[in-house]
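Enquirer: Have a look at this prediction, sequence included:
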Amino acid sequence: MSEAGTLYVKGIYDRFAYLATWLPNTNLALGDVGVQEGGYFKRMTSLKELGISFKVRSGRKPVDFTYTSQSGITFQTKAAGEIAAGTTLPLGQAGIVIEFNENGAFLFQAVGCRVNEIEDKVKLGQAVIQMWREKTWDSSWAVVDTLVKAGSVTIVVSSSQRASLELSAKTPVAITNLANVDAGLIVNSQQGDMVRFLAAEGLMPLFKLSRIKKSLLASLLGGPRPIYFGGKAAGEDVFEAVEPE
């Protein structure tokens, strides 16, 4: 993963305690099974393909996630009819200029998000431990147990020390509504390298991974231990969260 991608994933995790999908348009599904390598989730198989069924708990109300890296980024907005000196923004349209002064500086807005998660993690933990004992589950595997699907998302991550993006819009634009599909954002000018998704619909920008706890594996390797009802084994939870590397 590039340095910019690493900084983005870490920044999102520090803010929301969710892993950021990288690249942001990567296709993920609840129940995907794989490994986290260099900041990327590498899908290997799925719970369904392994014969493990599960139910989904879906969020009832949509939620918005908004975050901007705390340094290295500035904004300049303009209304239709205003002049933005030194830019390519049309006089008759609203617009915004985003300037990045650090590699890895980023803007993240995801609106209308639904949070879906595996309902019964206790049952899942018991099934995974049984497969591990049968040598059909790799101890390095992790499960996508929570997945955020966005109504629309705007993500811009700078891969340059200095970069800029000039966007015109059909409607008045503000720093807080850049994921609005109706804004009709159009790129007028870009300088420097960046990864960008503008008011993109249907992406899964955030997720959580769980894997068998290393301390639990150590205890299981030391001898047979029962898996207690409630997902406990040797007094411990079966799963631990995967964090950015």
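Expert: Everything's here; your move.
Enquirer: so where is this protein shaky, pLDDT-wise?
Expert: 217-236 (pLDDT under 70).
Enquirer: Show me what counts as buried in the longest strand along it.
Expert: What stands out as the longest strand in the chain, according to DSSP state E, is strand 106-118. Under the neighbour-count criterion of 16 or more other C-beta atoms under 10 Å, strand 106-118 has 106, 107, 108, 109, 110, 111, 113, 115, 116, 117, 118 buried. Glycine gets a C-beta too; all of them are placed from N, C-alpha and C.
Enquirer: Likewise for stretch 126-139?
Expert: For stretch 126-139, by 16+ other C-beta under 10 Å, it's 126, 127, 128, 129, 131, 132, 137, 138.
Enquirer: end-to-end on it?
Expert: Separation of the first and last residues of stretch 126-139 by C-alpha to C-alpha, to the nearest Å is 14 Å.
Enquirer: Equivalent analysis for stretch 177-192, please.
Expert: 24 Å.
Enquirer: Give me the contact list for it.
Expert: 87-90, 95-96, 100, 107, 109-111, 150, 152-154, 158-160, 162-171, 173, 196, 198-199, 201 (C-beta atoms under 8 Å, 6 or more residues apart in numbering).
Enquirer: circling back: which of the buried residues of stretch 126-139 lies closest to residue 4?
Expert: residue 138 (30.3 Å; C-beta to C-beta).
Enquirer: which residues does the closest one contact?
Expert: Contacts of residue 138 (C-beta under 8 Å, 6+ apart): residue 44.
Enquirer: Same question for residue 112.
Expert: 62, 64, 150, 151, 152.
Enquirer: now the nearest residue to residue 62 once chain neighbours are set aside: how far from residue 163?
Expert: Spatially, and ignoring its direct neighbours in sequence, residue 62 is nearest to residue 112 (4.6 Å; C-beta to C-beta, 6 or more residues apart in numbering). Separation of residue 112 from residue 163 (C-beta to C-beta, to the nearest Å) stands at 28 Å.
Enquirer: How about residue 176?
Expert: Residue 176 is 21 Å from residue 163, by C-beta to C-beta.
Enquirer: who has more neighbours, these two?
Expert: With neighbours defined as other C-beta atoms under 10 Å, residue 176 and residue 163 compare such that residue 163 has more, 23 against 11.
Enquirer: My guess is that one contacts residue 194. True?
Expert: Yes - with contact defined as C-beta atoms under 8 Å, residue 163 reaches residue 194; the gap is 5.4 Å.
Enquirer: Quick check: neighbours shared by those two?
Expert: residue 100.
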